[in-house]
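> how does the following fold in three dimensions:
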Amino acid sequence: MEYRKTNTSKKHALAQSGALNRNADNVVDPKFKNLAFFDPNDIVQVRYEMLRSAQKDGVGVLKASKTFGFSRITFYKTEKAFKENGILGLLPRKKGPRRAHKLTVKVMEFVEDLLEQKPEMKSDVIRQKVKEHFGISVHKRSIERATQKGKKKQ
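Sure thing, here's the model as predicted:
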């Protein structure tokens with residue numbers, strides 16, 4: 001049996017790729033405590049082994065999820081993601097919106113019109129005018145980023 005040594009470069013690589021298990025201490029499966037092959041810091045490996053233990057070893061969902069440091073709900077979400085996307089489904093997904101969903105084409109046309117009328121207008125004032133006109137609250141930094149993109153394209 002090969003025993004584990006802490007590998008900080010691997011931890012750093014896992015963190016960089018978004019695959020670092022931030023709850024590695026909650027993994028209590030014996031394989032992850034002693035064997036070098038099994039790394040509790042690798043969230044993809046931990047999730048895979050959790051699913052495998054429930055499916056192949058006949059361990060119940062609740063016990064499998066607790067043994068590998070997850071909730072039962074996370075188990076089912078992970079199982080669904082794995083069925084839909086294979087091993088890539090085990091990678092953590094970024095949280096939050098994927099794009100500037102409030103800054104639609106209509107809103108950006110309105111912002112561009114405001115900036116044509118007064119190019120020196122501050123993003124805070126634009127934000128207030130967008131709120132008055134469309135009834136949506138947009139962060140001033142979102143407006144700044146969107147208007148910078150427009151300048152870069154020209």
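
> in the chain, which spans are strands?
Ranges of strands in the chain, per DSSP state E: none exist.

> next one: the closest residue to residue 45 other than its chain neighbours from residue 77, what distance?
Spatially, and ignoring its direct neighbours in sequence, residue 45 is nearest to residue 39 (6.0 Å; Cβ to Cβ, 6 or more residues apart in numbering). (C-beta placed from N, C-alpha, C; glycine too.) Relative to residue 77, residue 39 is positioned 22 Å away (Cβ to Cβ, to the nearest Å).

> what do you get for residue 146?
Distance from residue 146 to residue 77, by Cβ to Cβ: 32 Å.

> between these two, which has more neighbouring residues?
Remark: of residue 146 and residue 77, residue 146 carries more neighbours, 19 against 14, as counted by other Cβ atoms under 10 Å.

> for that one, what are its contacts?
By Cβ atoms under 8 Å, 6 or more residues apart in numbering, the contact set of residue 146 is 100, 103, 108, 111.

> so how far is residue 132 from the first one?
Residue 100 sits 19 Å away from residue 132, going by Cβ to Cβ.

> so what does the residue positioned nearest the centre of the chain look like in phi/psi?
In the chain, the C-alpha closest to the average C-alpha coordinate belongs to residue 94, at a distance of 1.7 Å (Cα atoms, centre = their mean). Here is the backbone geometry of residue 94 (degrees, to the nearest 10): phi -70, psi 140.

> residue 139 contacts residue 124, correct?
No. The criterion here is Cβ atoms under 8 Å, and residue 139 misses it with residue 124 at 10.4 Å.
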